[in-house]
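K.L.:
need a 3D model of the sequence below.
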Amino acid sequence: MKISPAFYEKVLRPVLFRLDPETAHDLAMSTLGAVSGSRLLLKLIAARRDPRLEKRVFGLKFANPIGIAAGFDKNAIALPAWNALGFGFVEAGTVTARAQPGNVKPRIFRYPLHKALINRLGFNNEGADAVAQRLAVLKKSGLWPDIPVGINLGKSKVTPIEEATADYLLAFERLQHFGDYFVLNVSSPNTPNLRKLQDGSALGELFGHLQRRNAEKKPVLVKIAPDLEWEAIEEILTLVAEHEIAGIIATNTTIDHSEVIPSGQEQQGGLSGEPLRKRSTEIVKFIASKSATPVIAVGGIMDADSAMEKFDAGAALVQLYTGYIYRGPALVGEICERLLARAK
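P.N.:
So this is what the prediction gives:
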């Protein structure tokens, strides 16, 4: 059962967009969660895969280079559904060591004219223990995805920034047997002081301690902000090489809302979608020019053209979030078709 672009954009999206953004998201996730527990429903929505799109990056085989970004499936409730929908990999989370409700609602805002979102969710999730229990059940069910599963880790809001490393380690230790790769999210603008962890000494400490605990040698990546200066990115690249970090995700959401909201009417939170496209691509290109470390590009991928832009800039893989909300499941197939056409 394939959902056409026209059906999604003319029927499903208008219905969802009449709902509060978080209500719409919760409805979508509940539906995908239910589908994930049914072999019949998974078979009905299953997308055809083309082996020509398989790609090996940091030691893992990806069915195709298109993934669902962290933030969509925070509690890993729909991993089999993402697999069936045709994604080449899925990144669950952000998961924190402790369960937390996130910031006060409302906390997601749509800007359809700009094909954008602003969110200030604040790592709302059930916590590492609950997610680990869910993943253990999924492992035993026989429905575990046959695509790489990444787990995005963040700092608990109540944990002082000085104790951040221990907090990340606790979440990692609870989940290390389940993820195929792990991402250290040090760049969300919605947890107080979190972005301070992008500073050299703090980030080096986090990398060092986590890699020493990484007994299974799982690939560890870092997700960076689009608001960093070039010098700061170069410093991160030095640390990435020193600590054998497997990859970089570029980028998280931006605190620059100038393309969407007039000065004086600012909305707290991180901006994603089309307005982030240019800056994200610039950072991908900069990293690729300075380092051989694989880059997963995310930010402003709204169609096949913007996806190709990221690959041309040097991305090994791409992830969707806001583009998936605006374009629906057909976006994955559209990008895959363009990649196959280019290969010919």
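K.L.:
okay, CA-based contacts and neighbour counts for the rest of this
P.N.:
OK.
K.L.:
what mean pLDDT does the longest strand seen in the chain get?
P.N.:
In the chain, taking DSSP state E as the definition, the longest strand is strand 89-95. The predicted model gives strand 89-95 an average pLDDT of 97.
K.L.:
lowest average confidence, helix or strand, in the protein?
P.N.:
Least confident element among the helices and strands of the chain, by mean pLDDT, DSSP states H and E: helix 5-7 (a mean of 82).
K.L.:
who's in contact with that helix?
P.N.:
Under the criterion C-alpha atoms under 8 Å, 6 or more residues apart in numbering, residues 327-331 lie in contact with helix 5-7.
K.L.:
touching stretch 130-144 from outside, list them.
P.N.:
Around stretch 130-144, the neighbours that count as contacts under C-alpha under 8 Å, 6+ apart are 36-37, 39, 75-77, 79-80, 95, 174-175, 178.
K.L.:
oh, I was asking about stretch 236-256
P.N.:
So stretch 236-256 is contacted by 58, 187-189, 198, 200, 203-204, 207-208, 211, 219-227, 268-272, 276, 280, 283-284, 287, 291, 293-299 (C-alpha under 8 Å, 6+ apart).
K.L.:
related to what we said a few turns ago, between the contacts of helix 5-7, which is nearest Ala315?
P.N.:
Nearest to Ala315 out of the contacts of helix 5-7 is Leu331 (C-alpha to C-alpha; 18.0 Å).
K.L.:
helices of the stretch 101-250 of the chain, residue ranges please.
P.N.:
Assigned by DSSP state H, counting those that start in this stretch, the helices in the stretch 101-250 of the chain fall at 128-141, 164-175, 200-213, 230-242.
K.L.:
output those helices as JSON lines; include the columns mean neighbour count and distance to Ala250.
P.N.:
Formatted as JSON lines, the helices of the stretch 101-250 of the chain follow (neighbours: other C-alpha atoms under 10 Å; distance: least, C-alpha to C-alpha, whole Å):
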{"stretch": "helix 128-141", "mean neighbour count": "17", "distance to Ala250": "24"}
{"stretch": "helix 164-175", "mean neighbour count": "20", "distance to Ala250": "20"}
{"stretch": "helix 200-213", "mean neighbour count": "17", "distance to Ala250": "16"}
{"stretch": "helix 230-242", "mean neighbour count": "16", "distance to Ala250": "11"}
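K.L.:
quick one: Asp256 from Pro189, how far?
P.N.:
Applying C-alpha to C-alpha, to the nearest Å, the value for Asp256 to Pro189 is 11 Å.
K.L.:
mind checking which of the two has more residues around it?
P.N.:
Pro189 (22 against 16; other C-alpha atoms under 10 Å).
K.L.:
list the contacts of the more buried one.
P.N.:
Pro189 is in contact with 120, 195, 253-255, 269-270, counting by C-alpha under 8 Å, 6+ apart.
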